[in-house]
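# Need the 3D shape of this:
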Amino acid sequence: MKNLPLCIVFIFMSMSGPLTKAWAISSVKTQDVTHQITEAQISPLSQNKATKSESRAPEPSSLLLFGSGILSMVITFLRRTYNIAKRIMDIIIATISLIILSPLCILTAVLIKLTSKGPIFYTQIRSGKDGKLFKIYKFRTMKINAEKETGPVWARKNDNRITVMGNLLRISRIDEIPQFINVLKGEMSVIGPRPERPVFVEQLKGQISDYTKRLSVKPGITGLAQVHHRYDETITDVRKKVKYDILYIKRICFWTDLRIILRTFGVILTGFGAR
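The predicted structure follows:
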């Protein structure tokens, strides 16, 4: 009995080890669970904040793409709208011009018949928008069968194929008046690149890389190349003309067309670039 207290102490100490260990493990697990719950609560909040901050500050490249897309849509809309307005103006200008210039056309027809043999009007196949072929109308300025021996060639300075009356008509651009009929038919516009003969189009497409771009719009009686450049005589002249035509297509608008029309009057009065 004397040893009973010692036995109780020994039994208590031997049991305290496992109890202490179990309590420690339980405490660690509780801390882990609490830590995980805290992370689960904090993590979505931090992600939401990051998402909000990103939405408030988009990348500059995204803004640039969005802005360029809007600008492209506006330009496309304005171009389509102006194409409709330009067609209406073409019809009005062509109709008024033919009415006002009809006395001059009658006088020209009489002089052509009196000064040379052959028809009054001259027709020729030309390449229009998207390469579509059409028949262009002009007052005849050359002798009959002018290209019988030479074949298709460009007009040149002091060309002996041109009649006496033809020189006057070309310098004054009166020979171009019948082309207002082509405008009314929708084959041409008052302003645009000059329509070329199909044989020359096929040749020049292989020599000038951007040549076909000028076929993306209707050809015109006058244009940027016509008022700033002379008639074609060499391949270098054609390259310059194509640059003017492509520049016009890029900048086509009412003010560009108005400036070309005003400059055309100066060309008619001075005979600039006539052949």
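
# Any stretches of the stretch 51-200 of the chain with poor pLDDT?
Within the stretch 51-200 of the chain, the stretches with pLDDT under 70 are 51-69, 71-79, 146-159.

# just the strands in it please.
Assigned by DSSP state E, counting those that start in this stretch, the strands in the stretch 51-200 of the chain fall at 121-127, 133-139, 189-191.

# so where do the helices sit in the stretch 151-275 of the chain?
Using DSSP state H, counting those that start in this stretch, the helices assigned to the stretch 151-275 of the chain run over residues 164-172, 179-184, 198-207, 224-228, 235-251, 254-270.

# circling back: for residue 238, find the nearest of the strands of the stretch 51-200 of the chain.
For residue 238, the closest of the strands of the stretch 51-200 of the chain is strand 121-127, at 13.9 Å, according to CB to CB. For the C-beta atoms, the positions are set from N, CA and C on the backbone; glycine is no exception.

# how much does the closest one deviate in direction from strand 133-139?
Relative orientation of strand 121-127 versus strand 133-139 (axes from the mean of the first three to the mean of the last three CA atoms, to 10 degrees): 150 degrees.

# From the rest of the structure, what touches strand 121-127?
For strand 121-127, contacts defined as CB atoms under 8 Å, 6 or more residues apart in numbering pick out 133-142, 178, 195-198, 201, 215, 219.

# buried sites along that strand?
Neighbour counts over strand 121-127 (16 or more other CB atoms under 10 Å) mark 122, 126, 127 as buried.

# quick one, that strand and helix 164-172 angle?
50 degrees.

# For burial, what's the neighbour tally of residue 204?
Number of residues near residue 204 (other CB atoms under 10 Å) recorded here: 18.

# ok, it to residue 268 distance?
From residue 204 across to residue 268, the span is 27 Å (CB to CB, to the nearest Å).

# what about the closest residue in space to residue 137 that isn't next to it in sequence, neighbour count?
Excluding its sequence neighbours, the residue lying closest to residue 137 (CB to CB, 6 or more residues apart in numbering) is residue 178, at 3.9 Å. When neighbours are counted by other CB under 10 Å, residue 178 registers 20.

# who's in contact with residue 178?
105, 121, 137, 138, 139.

# Give me the nearest residue to the last one, chain neighbours excluded.
Okay, so that is residue 139. residue 175 (4.3 Å).

# before we move on, back to that, columns distance to residue 252 on top of the strands of the stretch 51-200 of the chain, output as CSV?
CSV is the format used below for the strands of the stretch 51-200 of the chain (distance: least, CB to CB, whole Å):
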stretch, distance to residue 252
strand 121-127, 19
strand 133-139, 21
strand 189-191, 9
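
# and of these, who's closest to residue 96?
Closest of the strands of the stretch 51-200 of the chain to residue 96 is strand 189-191, at 11.1 Å (criterion: CB to CB).

# Now tell me what touches that closest one from outside.
Strand 189-191 is contacted by residues 86-87, 89-90, 93-94, 183, 217-223, 257, 260-261 when judged by CB under 8 Å, 6+ apart.

# Pull out the buried members of these.
Among the contacts of strand 189-191, those classed as buried by neighbour count (16+ other CB under 10 Å) are 86, 89-90, 93-94, 183, 217-223, 257, 260.

# so what's residue 187 closest to, chain neighbours aside?
Once flanking residues are discounted, residue 187 sits nearest to residue 134: 4.2 Å by CB to CB, 6+ apart.
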